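**Student:** Here is my input, please return the structure:
(one chain, ligands or ions: 2)
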Amino acid sequence: MAGRKGETGRYDVVVIGAGPAGYVAAIRCAQLGMKTACIDDWRDEAGKPRLGGTCLNAGCIPSKALLESSELYQAVRNEFADHGIRVRGVSLDLATLQARKTSIVETLTDGIATLFQANGVEWLPGRGRLLEAGRVALTPHKGKARTLEAGHVILATGSRPISLDSAPVDGELILDSSGALALDTVPKRVAIIGAGVIGLELGSVWKRLGAEQMILFEAQTEFLPMVDASVRRVALREFERQGLDIRLGTRVTATRRVRGKVEVTWQHNGDAEKQSFDRLIVAVGRIPNSHDIAAPEARLLLDEWGYVHVNEHCETNIPGVHAIGDLVRGPMLAHKGAEEGIMVAERIAGHAAFVDYDLVPSVIYTHPEIAWIGRTEAELKNAGIAFRSGQFPFSANGRARAHGHPEGLIRVLADAETDRILGVHMIGDCVSELLSAAGVGMSLGASAEDIALTMFAHPTLSEAFHEAAMAVGGHAIHAVMKRGQGKAGA
Ligand code: FAD
Ligand code: NAD
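**Tutor:** Residues are numbered from 1 along each chain as shown. Ligands and ions are numbered 1, 2, ... in the order given. The predicted structure is shown next:
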């Protein structure tokens, strides 16, 4: 598609939202020769516009910075002595730890601005609103509102935390994930509503940094239901050992401020209890930012949960308007949104492109980490698909022993007939990095035997994936095979 650089107010593509879905879409559109503008509303605490959306400013990146720092802190205090390293006088400088996080965020968000400039994407700080196909209202942070003309519009306005009437966020005692990333003191007693991904990651951060009590109230009776049962069992045991007090089947019914604390009332098995906490973190999921992104006359179709309705190619009901990322169905993950952004840009340019929604990797960055791709055993059983499984524990892996982290396992599920890998489930040290090998294998249609016949470097954690794949065929070398491994199930 021919670019029209130089004209103002007319674009081939206008993207609304510069999170990982929107900024990636904008860059790829520009790479493909389209005149592209990206509108984004994000401002940091100082009021400065920042690219990168939730992920870079208040999600993936700051949370991983805090997870890394807190893990080092607890390792110095609890693990160094095992290595014969004696350290005295360890103390926490939370201001420096938080400043490091902010500096990482700023470096990366500045980096996107550089990428926009290098690729010729016009960054328009402000609010965007779809008026109709091909027309977008821009209310800039500075200057007058105006209307942009666009051949195509990509909606990528992301999501925000769900709020609870029983625990309204006040930014002081009751926090959402953004507030929980920005604490300037370590609270002694913390409660979290929701033992999902954010609850576990941020609960881990503040427990490692010194919170004495960390209770996670989870409404569901099953812990991490989306995770394979083999991994879930190990995870619950490890988290409880670390002092994360996970209360399943529990509902918070009321909160109130009492003398600088938050008093939380909850119900479990019909009994009501209450306790005061220094902070309460609400992490019960996120909802799409679909409110007021389009004028009513545009007739943009939403589904019953407020997601913009799209088909598998992220086309909305309005010709020339796409929607991607957290704003549409599917897991709320940065890489899922980014892949949708690339697909949409390529399709606008007339190229064939698709996203394989069966192969979206998931990671929970706790310690041990939890990582999976493809289907769980329960999903295969529900679908009536016969499979064989192979499992390998990190306790039998030399590198995991050398790291001092022998907890966890890798499990491979493969089709009983074709041996094609259908799911890989991991819990252990650094498994977020090991998962990519499984993803590459699965996207190339690998069988468990293909992985078994591949040579892995020794000693590495990835050998556990190799051994789990061998176990599917009943022949792991470094573990005594348990009954049922390598046998077909359904
Ligand atoms: P967003 O990143 O939400 O970006 C949307 C952008 O659009 C924002 O900048 C917003 O200001 C802007 N916007 C909204 N409305 C308008 C408008 N009308 N006009 C202009 N701009 C507008 N995912 C992972 O994959 N890995 C992780 O480790 C991970 N960790 C997370 C940790 C936390 C604490 C949180 C909260 C989330 C985490 N996520 C993680 C989820 C991830 O952040 C989201 O899936 C991802 O940011 C979604 O990208 P997006 O581009 O769809 O939307
Ligand atoms: P989540 O869906 O992972 O977990 C929310 C939990 O809260 C669920 O277990 C749910 O059962 C529970 N819950 C809901 N209502 C409740 C109530 N009233 N009382 C008690 N429990 C209740 O959502 P999240 O942790 O808020 O994360 C939001 C999104 O951000 C997720 O979709 C996730 O994909 C994304 N995210 C991803 C990562 C990552 O990839 N590592 C990290 C953080 C966030």
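**Student:** hey, where'd the helices end up in the stretch 351-490 of the chain?
**Tutor:** Assignment of helices within the stretch 351-490 of the chain using DSSP state H, counting those that start in this stretch yields the ranges 377-382, 398-403, 431-443, 448-452, 463-472.
**Student:** Might you enumerate the residues of the chain proximal to ligand 2?
**Tutor:** Residues of the chain lying close to ligand 2 by Cβ under 6 Å from any ligand atom are 164, 193-199, 201, 217-220, 251-252, 283-286, 331-333, 363-365. Bear in mind the C-beta positions are built from the backbone N, C-alpha and C, glycine included.
**Student:** let's go with 8 Å and repeat that
**Tutor:** With Cβ under 8 Å from any ligand atom as the criterion, the chain meets ligand 2 at residues 59-60, 63, 159, 161-162, 164, 166, 177, 193-201, 217-220, 224-225, 250-252, 283-286, 331-334, 362-365.
**Student:** Could I get the phi/psi values of residue 29?
**Tutor:** Recorded main-chain torsions at residue 29 are phi -60, psi -50, according to degrees, to the nearest 10.
**Student:** got it, and residue 322?
**Tutor:** phi -110, psi 160.
**Student:** these two touch, right, it and residue 151?
**Tutor:** No - Residue 322 is beyond contact range of residue 151, at 11.8 Å (criterion: Cβ atoms under 8 Å).
**Student:** For these two, indicate the residue with more neighbours.
**Tutor:** residue 322 (28 against 17; other Cβ atoms under 10 Å).
**Student:** Okay, and the beta partners of the more buried one?
**Tutor:** Applying DSSP bridges to residue 322 yields these beta-bridge partners: residue 154, residue 315.
**Student:** Ok, which of the helices of the stretch 351-490 of the chain comes nearest residue 183?
**Tutor:** Closest approach to residue 183 among the helices of the stretch 351-490 of the chain (Cβ to Cβ): helix 431-443, 24.5 Å.
**Student:** Show residues contacting that closest one.
**Tutor:** By Cβ atoms under 8 Å, 6 or more residues apart in numbering, the surrounding residues in contact with helix 431-443 are 356, 359, 361, 363, 365, 368-374, 408, 410, 412, 421, 424, 426, 450-451, 461-462, 464-465.
**Student:** List buried members of these by neighbour count.
**Tutor:** Buried residues within the contacts of helix 431-443, defined by neighbour count using 16 or more other Cβ atoms under 10 Å: 361, 363, 365, 368-374, 408, 410, 412, 421, 424, 426, 451, 461-462, 464-465.
**Student:** and ligand 1, which of the contacts of helix 431-443 contact it?
**Tutor:** Among the contacts of helix 431-443, the ones lying close to ligand 1 by the criterion of Cβ under 8 Å from any ligand atom are 363, 365.
**Student:** Can you flag which of the contacts of helix 431-443 belong to strands?
**Tutor:** Of the contacts of helix 431-443, the ones assigned to strands by DSSP state E are 363, 369, 370, 371, 372, 373, 374, 410, 412, 421, 424, 426.
**Student:** quick one: contacts for residue 312?
**Tutor:** For residue 312, the contact set (Cβ under 8 Å, 6+ apart) comprises 354, 355, 357.
**Student:** Excluding residues flanking it in the chain, which one is nearest the residue nearest the centre of the chain?
**Tutor:** Centroid-nearest residue in the chain: residue 333, 4.5 Å away (criterion: Cα atoms, centre = their mean). Leaving aside its sequence neighbours, residue 333 sits nearest to residue 360 (Cβ to Cβ, 6 or more residues apart in numbering; 6.5 Å).
**Student:** is it true that that neighbour touches residue 338?
**Tutor:** No - the criterion here is Cβ under 8 Å, and residue 360 misses it with residue 338 at 11.2 Å.
**Student:** These two: which is more packed in?
**Tutor:** Just comparing residue 360 and residue 338: by other Cβ under 10 Å the higher neighbour count belongs to residue 338, 23 against 17.
**Student:** mind checking the SS state of that one?
**Tutor:** helix (DSSP: H, G, I helix; E, B strand; the rest coil).
**Student:** From what I see, it and residue 19 are in contact.
**Tutor:** No - using Cβ under 8 Å, residue 338 is not in contact with residue 19; the gap is 9.0 Å.
**Student:** Stretch 170-183 - what's its average pLDDT?
**Tutor:** Taken as a whole, stretch 170-183 has a mean pLDDT of 98.
**Student:** Can you give me the buried ones in that stretch?
**Tutor:** Neighbour counts using 16+ other Cβ under 10 Å place 173, 174, 175, 176, 177, 178, 179, 180, 181, 182, 183 of stretch 170-183 among the buried residues.
**Student:** quick one: contacts for residue 127?
**Tutor:** By Cβ under 8 Å, 6+ apart, the contact list for residue 127 reads 39, 41, 138, 139.
**Student:** Name the nearest of the residues you listed relative to ligand 1.
**Tutor:** Each of those was checked against ligand 1 using Cβ to the nearest ligand atom; the closest is residue 41, at 3.6 Å.
**Student:** Assess the claim that the closest one and residue 126 are in contact.
**Tutor:** Yes - between residue 41 and residue 126 there is a contact under Cβ under 8 Å: 6.5 Å.
**Student:** quick one: buried residues of stretch 375-394?
**Tutor:** By 16+ other Cβ under 10 Å, the buried positions in stretch 375-394 come out as 375-377, 380, 385, 387-394.
**Student:** next one: stretch 401-411
**Tutor:** The neighbour-count check on stretch 401-411 (16+ other Cβ under 10 Å) flags 405, 406, 407, 408, 409, 410, 411 as buried.
**Student:** could you redo the residues you listed as TSV and give each row pLDDT?
**Tutor:** Shown next, in TSV, are these (pLDDT from 0 to 100):
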residue	pLDDT
405	97
406	97
407	97
408	98
409	98
410	98
411	98
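**Student:** Which of those residues sits closest to residue 345?
**Tutor:** residue 410 (35.0 Å).
**Student:** sorry, back to before: quick check on the residues of the chain next to ligand 2: which are buried?
**Tutor:** Counted by 16+ other Cβ under 10 Å, the residues of the chain next to ligand 2 give 59-60, 63, 159, 161, 164, 177, 193-201, 217-218, 224, 250-252, 283-284, 286, 332-334, 362-365 as buried.
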